[in-house]
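Enquirer: structure for the following, please:
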Amino acid sequence: MIRVAVVIPNWNGRKWLGPCLSSLRAQRYRAFETIVVDNGSTDGSVAFLAEAFPEVRVCAEPRNLGFAAGMNLGFNAGGPVDYLAALNNDTVAEPDWLEALVRALDADPGAGSAAALMVSLRDPQVIDTAGDGYGWTGLSFKLGAGLPVGQVPELPYQVFGASAGACLYRRRMLDEIGTFDETYFAYMEDVDLALRARLAGWSCVAVPAARVRHAGAASSGSGPSDFSVRLSTRNILVTILKNAPAPVLLPMVTGALLMQMAAIGASLLTGRPAWLALRRRAWAQGVLAAGRGLPAALAARRRNRPLRRLSTLGFLRMITRARAQRARFARGGA
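Expert: Next up, the predicted model:
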(Lines give C-alpha, C1' and ligand atoms only; values in the text may rest on other atoms or scores of the structure.)
Protein backbone atom coordinates (compact mmCIF):
# COMPACT_ATOMS: atom_id res chain seq x y z
CA MET A 1 0.00 0.00 0.00
CA ILE A 2 1.30 3.45 -0.96
CA ARG A 3 1.34 5.74 2.09
CA VAL A 4 3.60 8.53 0.81
CA ALA A 5 3.95 10.53 -2.38
CA VAL A 6 7.41 12.10 -2.75
CA VAL A 7 7.10 15.22 -4.92
CA ILE A 8 10.19 16.69 -6.59
CA PRO A 9 10.03 19.98 -8.53
CA ASN A 10 12.35 20.30 -11.51
CA TRP A 11 13.32 23.12 -13.82
CA ASN A 12 16.31 22.40 -16.06
CA GLY A 13 17.79 20.23 -13.35
CA ARG A 14 18.68 17.12 -15.34
CA LYS A 15 22.19 16.95 -13.88
CA TRP A 16 20.73 16.68 -10.36
CA LEU A 17 17.97 14.18 -11.06
CA GLY A 18 20.15 11.08 -11.37
CA PRO A 19 21.70 11.24 -7.87
CA CYS A 20 18.44 12.40 -6.29
CA LEU A 21 16.26 9.67 -7.75
CA SER A 22 18.91 6.99 -7.25
CA SER A 23 18.86 7.85 -3.54
CA LEU A 24 15.10 7.29 -3.52
CA ARG A 25 15.59 3.90 -5.13
CA ALA A 26 17.82 3.05 -2.18
CA GLN A 27 15.27 3.99 0.50
CA ARG A 28 14.61 1.26 3.05
CA TYR A 29 11.00 2.42 3.39
CA ARG A 30 9.20 1.29 0.23
CA ALA A 31 5.53 2.31 0.63
CA PHE A 32 5.89 5.41 -1.54
CA GLU A 33 5.73 6.63 -5.09
CA THR A 34 7.84 9.35 -6.68
CA ILE A 35 6.36 12.23 -8.67
CA VAL A 36 8.55 14.69 -10.56
CA VAL A 37 6.87 17.93 -11.62
CA ASP A 38 8.79 19.32 -14.56
CA ASN A 39 8.28 23.06 -14.99
CA GLY A 40 8.91 23.45 -18.71
CA SER A 41 12.53 22.25 -18.74
CA THR A 42 14.49 22.64 -21.97
CA ASP A 43 17.49 20.50 -20.97
CA GLY A 44 16.03 17.10 -21.80
CA SER A 45 14.91 16.34 -18.24
CA VAL A 46 11.64 14.66 -19.27
CA ALA A 47 13.27 12.36 -21.83
CA PHE A 48 15.98 11.49 -19.32
CA LEU A 49 13.39 10.54 -16.71
CA ALA A 50 11.50 8.30 -19.15
CA GLU A 51 14.68 6.46 -20.07
CA ALA A 52 16.55 6.25 -16.76
CA PHE A 53 13.74 6.24 -14.18
CA PRO A 54 10.62 4.70 -15.77
CA GLU A 55 9.10 4.03 -12.33
CA VAL A 56 8.82 7.78 -11.67
CA ARG A 57 5.54 9.51 -12.45
CA VAL A 58 6.20 12.72 -14.39
CA CYS A 59 3.88 15.71 -14.50
CA ALA A 60 5.32 17.67 -17.41
CA GLU A 61 4.18 21.27 -17.71
CA PRO A 62 4.85 23.34 -20.86
CA ARG A 63 5.91 26.39 -18.80
CA ASN A 64 7.49 27.21 -15.47
CA LEU A 65 4.66 27.31 -12.93
CA GLY A 66 7.04 28.21 -10.09
CA PHE A 67 7.84 26.18 -6.99
CA ALA A 68 4.53 26.71 -5.18
CA ALA A 69 2.19 25.83 -8.05
CA GLY A 70 4.43 23.01 -9.23
CA MET A 71 4.45 21.41 -5.79
CA ASN A 72 0.68 21.76 -5.49
CA LEU A 73 0.29 20.01 -8.82
CA GLY A 74 2.39 17.13 -7.51
CA PHE A 75 0.53 17.03 -4.21
CA ASN A 76 -2.78 16.78 -6.04
CA ALA A 77 -1.40 14.01 -8.25
CA GLY A 78 -0.37 12.13 -5.11
CA GLY A 79 -3.96 11.19 -4.32
CA PRO A 80 -5.31 9.98 -0.95
CA VAL A 81 -2.02 9.09 0.73
CA ASP A 82 -1.24 9.61 4.41
CA TYR A 83 1.79 11.82 3.80
CA LEU A 84 3.27 14.06 1.13
CA ALA A 85 7.03 14.55 0.99
CA ALA A 86 8.65 17.61 -0.57
CA LEU A 87 12.18 17.08 -1.87
CA ASN A 88 14.41 19.38 -3.89
CA ASN A 89 15.99 17.94 -7.01
CA ASP A 90 19.50 18.93 -5.81
CA THR A 91 19.41 16.58 -2.84
CA VAL A 92 20.68 13.10 -2.04
CA ALA A 93 18.64 11.36 0.66
CA GLU A 94 20.24 8.87 3.03
CA PRO A 95 18.61 5.40 2.97
CA ASP A 96 16.76 5.96 6.28
CA TRP A 97 15.46 9.43 5.32
CA LEU A 98 11.84 8.63 4.50
CA GLU A 99 11.45 5.88 7.09
CA ALA A 100 12.57 8.24 9.86
CA LEU A 101 10.14 10.97 8.79
CA VAL A 102 7.18 8.59 8.53
CA ARG A 103 8.00 7.06 11.91
CA ALA A 104 8.07 10.53 13.52
CA LEU A 105 4.66 11.56 12.19
CA ASP A 106 3.12 8.17 12.93
CA ALA A 107 4.22 8.62 16.55
CA ASP A 108 2.85 12.17 16.95
CA PRO A 109 -0.71 12.77 15.68
CA GLY A 110 -0.47 16.47 16.59
CA ALA A 111 2.50 17.06 14.29
CA GLY A 112 1.52 18.24 10.84
CA SER A 113 5.02 18.18 9.40
CA ALA A 114 8.45 16.69 9.94
CA ALA A 115 11.69 18.44 9.02
CA ALA A 116 14.68 16.52 7.73
CA LEU A 117 18.24 17.33 8.76
CA MET A 118 19.71 18.94 5.66
CA VAL A 119 23.51 18.99 5.39
CA SER A 120 25.92 20.33 2.81
CA LEU A 121 26.37 18.18 -0.27
CA ARG A 122 30.05 19.14 -0.39
CA ASP A 123 30.69 18.57 3.30
CA PRO A 124 28.08 16.39 5.04
CA GLN A 125 29.52 17.37 8.42
CA VAL A 126 28.17 20.92 7.99
CA ILE A 127 24.52 21.76 8.68
CA ASP A 128 22.42 23.38 5.97
CA THR A 129 19.31 23.47 8.15
CA ALA A 130 18.17 21.50 11.18
CA GLY A 131 14.70 23.02 11.02
CA ASP A 132 13.34 26.48 10.26
CA GLY A 133 12.81 29.41 12.61
CA TYR A 134 10.89 32.69 12.26
CA GLY A 135 11.69 36.16 13.60
CA TRP A 136 9.99 39.39 14.65
CA THR A 137 10.73 41.14 11.34
CA GLY A 138 9.30 38.37 9.17
CA LEU A 139 12.64 36.82 8.29
CA SER A 140 12.94 33.06 8.48
CA PHE A 141 16.22 31.41 9.39
CA LYS A 142 17.85 28.02 9.20
CA LEU A 143 18.62 26.48 12.56
CA GLY A 144 22.28 25.53 12.87
CA ALA A 145 23.26 26.71 9.38
CA GLY A 146 27.01 26.43 8.92
CA LEU A 147 27.57 24.68 12.24
CA PRO A 148 28.98 21.15 12.68
CA VAL A 149 26.49 18.30 12.51
CA GLY A 150 27.62 17.32 16.00
CA GLN A 151 25.61 20.29 17.33
CA VAL A 152 22.35 18.52 16.44
CA PRO A 153 20.61 16.42 19.15
CA GLU A 154 20.18 12.73 18.46
CA LEU A 155 16.45 12.61 19.27
CA PRO A 156 13.60 14.46 17.49
CA TYR A 157 12.75 17.95 18.77
CA GLN A 158 10.13 20.61 18.14
CA VAL A 159 10.82 23.46 15.67
CA PHE A 160 8.85 26.31 14.14
CA GLY A 161 8.61 24.76 10.70
CA ALA A 162 10.16 22.61 8.00
CA SER A 163 12.05 23.61 4.89
CA ALA A 164 10.22 22.35 1.81
CA GLY A 165 13.62 21.28 0.47
CA ALA A 166 13.23 18.01 2.37
CA CYS A 167 10.27 17.38 4.64
CA LEU A 168 7.10 15.38 5.16
CA TYR A 169 3.61 16.87 5.42
CA ARG A 170 0.54 15.17 6.85
CA ARG A 171 -2.15 15.03 4.17
CA ARG A 172 -4.87 15.68 6.72
CA MET A 173 -3.19 18.93 7.74
CA LEU A 174 -2.91 20.11 4.15
CA ASP A 175 -6.56 19.24 3.56
CA GLU A 176 -7.42 21.45 6.53
CA ILE A 177 -5.20 24.52 5.99
CA GLY A 178 -4.47 24.34 2.26
CA THR A 179 -1.25 23.79 0.35
CA PHE A 180 1.32 26.33 -0.89
CA ASP A 181 0.15 29.84 -1.81
CA GLU A 182 0.69 29.94 -5.56
CA THR A 183 0.90 33.75 -5.66
CA TYR A 184 4.36 33.39 -4.06
CA PHE A 185 5.79 31.61 -7.15
CA ALA A 186 8.98 30.91 -5.15
CA TYR A 187 10.60 31.81 -1.79
CA MET A 188 8.86 31.90 1.61
CA GLU A 189 5.99 29.66 0.53
CA ASP A 190 7.07 27.01 3.03
CA VAL A 191 7.32 29.64 5.79
CA ASP A 192 3.78 30.81 5.01
CA LEU A 193 2.57 27.21 5.12
CA ALA A 194 4.38 26.63 8.43
CA LEU A 195 2.79 29.75 9.93
CA ARG A 196 -0.69 28.73 8.83
CA ALA A 197 -0.12 25.27 10.29
CA ARG A 198 1.10 26.60 13.62
CA LEU A 199 -1.75 29.09 13.85
CA ALA A 200 -4.17 26.20 13.25
CA GLY A 201 -2.67 24.25 16.14
CA TRP A 202 -0.34 21.85 14.31
CA SER A 203 3.24 21.33 15.47
CA CYS A 204 6.41 20.49 13.55
CA VAL A 205 9.04 17.97 14.59
CA ALA A 206 12.67 17.96 13.41
CA VAL A 207 14.03 14.46 12.79
CA PRO A 208 17.84 14.25 12.95
CA ALA A 209 17.85 10.66 11.67
CA ALA A 210 16.24 11.83 8.41
CA ARG A 211 19.36 13.16 6.74
CA VAL A 212 19.59 14.70 3.26
CA ARG A 213 22.62 16.18 1.52
CA HIS A 214 21.76 19.43 -0.26
CA ALA A 215 23.57 21.42 -2.94
CA GLY A 216 21.44 24.56 -2.56
CA ALA A 217 20.13 27.16 -5.07
CA ALA A 218 20.43 24.72 -7.96
CA SER A 219 17.60 26.27 -9.99
CA SER A 220 17.71 29.92 -8.99
CA GLY A 221 21.48 30.39 -8.95
CA SER A 222 24.22 30.43 -6.35
CA GLY A 223 23.54 33.88 -4.88
CA PRO A 224 20.97 36.68 -4.61
CA SER A 225 19.59 37.94 -7.92
CA ASP A 226 17.12 40.64 -8.90
CA PHE A 227 14.54 37.88 -9.20
CA SER A 228 15.17 36.42 -5.74
CA VAL A 229 15.44 39.82 -4.00
CA ARG A 230 12.21 41.08 -5.56
CA LEU A 231 10.20 37.95 -4.75
CA SER A 232 11.68 37.45 -1.29
CA THR A 233 10.95 41.07 -0.30
CA ARG A 234 7.40 40.82 -1.55
CA ASN A 235 6.76 37.46 0.08
CA ILE A 236 8.23 38.40 3.47
CA LEU A 237 5.78 41.28 3.73
CA VAL A 238 2.81 39.34 2.36
CA THR A 239 3.45 36.50 4.82
CA ILE A 240 3.19 38.95 7.73
CA LEU A 241 0.06 40.56 6.29
CA LYS A 242 -1.63 37.19 5.87
CA ASN A 243 -0.70 35.60 9.18
CA ALA A 244 0.41 37.91 12.00
CA PRO A 245 -2.23 38.27 14.74
CA ALA A 246 -3.97 41.66 14.64
CA PRO A 247 -2.28 43.11 17.77
CA VAL A 248 1.20 42.57 16.32
CA LEU A 249 0.46 43.07 12.63
CA LEU A 250 1.43 46.75 12.40
CA PRO A 251 4.57 46.39 14.58
CA MET A 252 5.78 43.44 12.49
CA VAL A 253 5.22 45.16 9.15
CA THR A 254 6.86 48.33 10.45
CA GLY A 255 9.77 46.38 11.87
CA ALA A 256 10.27 44.49 8.62
CA LEU A 257 10.30 47.68 6.55
CA LEU A 258 12.59 49.53 8.96
CA MET A 259 15.05 46.64 9.05
CA GLN A 260 15.10 46.42 5.28
CA MET A 261 15.41 50.18 4.85
CA ALA A 262 18.32 50.23 7.30
CA ALA A 263 20.09 47.60 5.22
CA ILE A 264 19.42 49.61 2.05
CA GLY A 265 20.71 52.78 3.72
CA ALA A 266 23.88 51.01 4.82
CA SER A 267 24.45 49.76 1.29
CA LEU A 268 24.13 53.31 -0.01
CA LEU A 269 26.77 54.56 2.43
CA THR A 270 29.23 51.68 2.30
CA GLY A 271 28.45 49.74 -0.86
CA ARG A 272 28.09 46.63 1.29
CA PRO A 273 26.85 44.03 1.01
CA ALA A 274 27.70 44.23 -2.65
CA TRP A 275 24.72 42.13 -3.76
CA LEU A 276 22.28 44.50 -2.07
CA ALA A 277 24.03 47.61 -3.36
CA LEU A 278 23.43 46.24 -6.85
CA ARG A 279 19.80 45.29 -6.22
CA ARG A 280 18.17 48.22 -4.45
CA ARG A 281 15.77 48.63 -7.36
CA ALA A 282 14.68 44.98 -7.09
CA TRP A 283 14.02 45.53 -3.37
CA ALA A 284 11.84 48.58 -4.13
CA GLN A 285 9.95 46.55 -6.73
CA GLY A 286 9.32 43.87 -4.10
CA VAL A 287 7.88 46.41 -1.65
CA LEU A 288 5.60 47.81 -4.36
CA ALA A 289 4.50 44.29 -5.31
CA ALA A 290 3.58 43.64 -1.67
CA GLY A 291 1.49 46.81 -1.69
CA ARG A 292 -0.32 45.68 -4.82
CA GLY A 293 -0.92 42.30 -3.20
CA LEU A 294 -2.46 43.81 -0.07
CA PRO A 295 -6.13 43.15 -1.00
CA ALA A 296 -5.40 39.50 -1.80
CA ALA A 297 -3.38 39.10 1.41
CA LEU A 298 -6.18 40.53 3.52
CA ALA A 299 -8.71 38.28 1.76
CA ALA A 300 -6.53 35.25 2.56
CA ARG A 301 -6.29 36.47 6.14
CA ARG A 302 -10.08 36.48 6.43
CA ARG A 303 -10.35 33.00 4.91
CA ASN A 304 -7.81 31.60 7.35
CA ARG A 305 -9.31 33.20 10.46
CA PRO A 306 -11.77 30.35 11.26
CA LEU A 307 -8.86 27.90 11.38
CA ARG A 308 -6.85 29.80 13.99
CA ARG A 309 -6.28 28.06 17.31
CA LEU A 310 -3.11 29.87 18.47
CA SER A 311 -3.54 33.00 20.57
CA THR A 312 -1.51 36.18 20.13
CA LEU A 313 0.44 35.28 23.25
CA GLY A 314 1.09 31.83 21.82
CA PHE A 315 2.32 33.41 18.59
CA LEU A 316 4.75 35.63 20.49
CA ARG A 317 5.99 32.69 22.52
CA MET A 318 6.53 30.70 19.32
CA ILE A 319 8.77 33.40 17.84
CA THR A 320 10.63 33.88 21.13
CA ARG A 321 11.30 30.14 21.36
CA ALA A 322 12.57 30.01 17.79
CA ARG A 323 15.11 32.75 18.50
CA ALA A 324 16.18 31.11 21.75
CA GLN A 325 16.53 27.79 19.95
CA ARG A 326 18.88 29.34 17.40
CA ALA A 327 21.04 30.64 20.25
CA ARG A 328 21.07 27.21 21.90
CA PHE A 329 22.18 25.60 18.63
CA ALA A 330 25.16 27.91 18.55
CA ARG A 331 26.03 26.68 22.04
CA GLY A 332 25.66 23.04 21.07
CA GLY A 333 22.07 21.85 21.53
CA ALA A 334 18.46 22.40 20.43
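Enquirer: what's around the residue nearest to Ser120 when sequence neighbours are not counted, how many residues?
Expert: Nearest non-adjacent residue to Ser120, counting by CB to CB, 6 or more residues apart in numbering: Val126, 4.3 Å away. The way it works is simple: take the backbone N, C-alpha and C, and place the C-beta from them, glycine included. Around Val126 there are 15 other residues, counting by other CB atoms under 10 Å.
Enquirer: Thr320 now?
Expert: So Thr320, with other CB under 10 Å, has 11 neighbours.
Enquirer: quick one, phi/psi of it?
Expert: phi -60, psi -40 (degrees, to the nearest 10).
Enquirer: so how far is Leu101 from it?
Expert: Going from Thr320 to Leu101 by CB to CB, to the nearest Å gives 27 Å.
Enquirer: who are the neighbours in contact with the residue nearest to Ser120?
Expert: The neighbours of Val126, taking CB atoms under 8 Å, 6 or more residues apart in numbering as the test, are Val119, Ser120, Gly146, Leu147, Pro148, Val149.
Enquirer: try 7 Å
Expert: Val119, Ser120, Gly146, Pro148, Val149 (CB atoms under 7 Å, 6 or more residues apart in numbering).
Enquirer: hang on, the first one in a strand?
Expert: I take that to be Val119. Yes. Assigned with DSSP: H, G, I helix; E, B strand; the rest coil, Val119 falls within a strand.
Enquirer: and Ala164, its phi and psi?
Expert: According to degrees, to the nearest 10, Ala164 has phi -70, psi 0.
Enquirer: equivalent analysis for Tyr157, please.
Expert: Dihedral angles (degrees, to the nearest 10) for Tyr157: phi -150, psi 160.
Enquirer: specify the beta-bridge partners of it.
Expert: Note on Tyr157: beta-bridge partners by DSSP bridges are Ala206.
Enquirer: and it, how far from Gly201?
Expert: Where Gly201 is concerned, Tyr157 sits at a distance of 19 Å (CB to CB).
Enquirer: cool, Met318 as well?
Expert: 12 Å.
Enquirer: Val212 now?
Expert: Counting by CB to CB - Val212 and Gly201 are separated by 27 Å.
Enquirer: who has more neighbours, these two?
Expert: Val212 (25 against 16).
Enquirer: how about the more buried one: what's its closest non-neighbour residue?
Expert: Ala166 (4.2 Å).
Enquirer: what bridges to that neighbour?
Expert: In beta-bridge terms (that is, DSSP bridges), Ala166 pairs with Leu87.
Enquirer: what is the burial count for it?
Expert: Neighbours of Ala166 (other CB under 10 Å): 26.
Enquirer: in the helix or strand where Ala297 lies, what's buried?
Expert: Here Ala297, judged by DSSP states H and E, is contained in helix 294-304. By 16 or more other CB atoms under 10 Å, the buried positions in helix 294-304 come out as Ala297, Ala300, Asn304.
Enquirer: and what of stretch 145-161?
Expert: Leu147, Val149, Gln151, Val152, Pro156, Tyr157, Val159, Phe160, Gly161.
Enquirer: of those residues, closest to Tyr134?
Expert: The closest of the buried residues of stretch 145-161 to Tyr134 turns out to be Phe160 (CB to CB; 5.0 Å).
Enquirer: quick check: what element follows the longest helix anywhere in the chain along the chain?
Expert: Taking DSSP state H as the assignment, the helix of the chain that covers the most residues is helix 246-270. Using DSSP H and E, the helix or strand that follows helix 246-270 in sequence is helix 274-277.
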